[in-house]
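> Give the three-dimensional model of this entry:
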Amino acid sequence: MARRRQIDPLGRQAALAIGAGRVAIGVGTLFATRPGLRALGFAETDATGTALAKVVGARDLALGLLTLAARDDRDALRAATLAGTALDAADTAAFGLALGGPETRKAGVTGLLGASAAVLAGAWACRRLS
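Here you go, the predicted structure:
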């Protein structure tokens, strides 16, 4: 009979903290979009920018809930954390591109710092869950 490997407690805790953070960011972006954008350093945005922010918020909410739902399955938790880390890496690149525009530079710096930290934390958690 094959023995099931246990979940590393530190990796699990980190993955769940990242998932909970995603839920909070997702809810905040969906229901308090303009204040959330201002907190990230974006100036006032039009309806298109607000709608796009809500799409990203919904993505984070769904991925955060998926991560939390996988809390007792090491492989599923690792897969959800790895997917989130890949999205955070893409966000890091997007915020890096935002550094080039004078209107988006502040948001680029703020977002680059947060997204880079999320990539490092997610990669660390994935490694612990291997």
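> and the helix or strand of the chain with the lowest mean pLDDT, what other elements does it pack with?
For the chain, using mean pLDDT, DSSP states H and E, the weakest element among its helices and strands is helix 33-39, scoring a mean of 89. With contacts defined as 3 or more CB pairs under 8 Å, 6 or more residues apart in numbering; DSSP states H and E, the packing partners of helix 33-39 are helix 9-31, helix 47-69. In this view, the C-beta of every residue, glycine as well, is placed from N, C-alpha and C.
> can you redo the ones you listed as JSON lines with mean pLDDT?
Output for those, formatted as JSON lines (pLDDT from 0 to 100):
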{"stretch": "helix 9-31", "mean pLDDT": "95"}
{"stretch": "helix 47-69", "mean pLDDT": "95"}
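> Now mean neighbour count and distance to A125 too, for those, in CSV please.
CSV is the format used below for the helices and strands packed on helix 33-39 (neighbours: other CB atoms under 10 Å; distance: least, CB to CB, whole Å):
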stretch, mean neighbour count, distance to A125
helix 9-31, 18, 4
helix 47-69, 16, 10
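> among those helices, which is nearest S116?
S116 sits nearest to helix 9-31 of all the helices and strands packed on helix 33-39, at 13.7 Å, using CB to CB.
> Could you tell me the angle between the closest one and helix 47-69?
If you take axes from the mean of the first three to the mean of the last three CA atoms, to 10 degrees, helix 9-31 sits at 150 degrees to helix 47-69.
> what's next to helix 9-31, contact-wise?
35-36, 53-54, 56-68, 71, 74, 77-78, 80-81, 84, 118, 121-122, 124-129 (CB atoms under 8 Å, 6 or more residues apart in numbering).
> Next: stretch 48-63.
Contact with stretch 48-63 is made by 19, 22-23, 25-30, 33-34, 36-37, 42, 45, 80, 83-84, 87, as judged by CB under 8 Å, 6+ apart.
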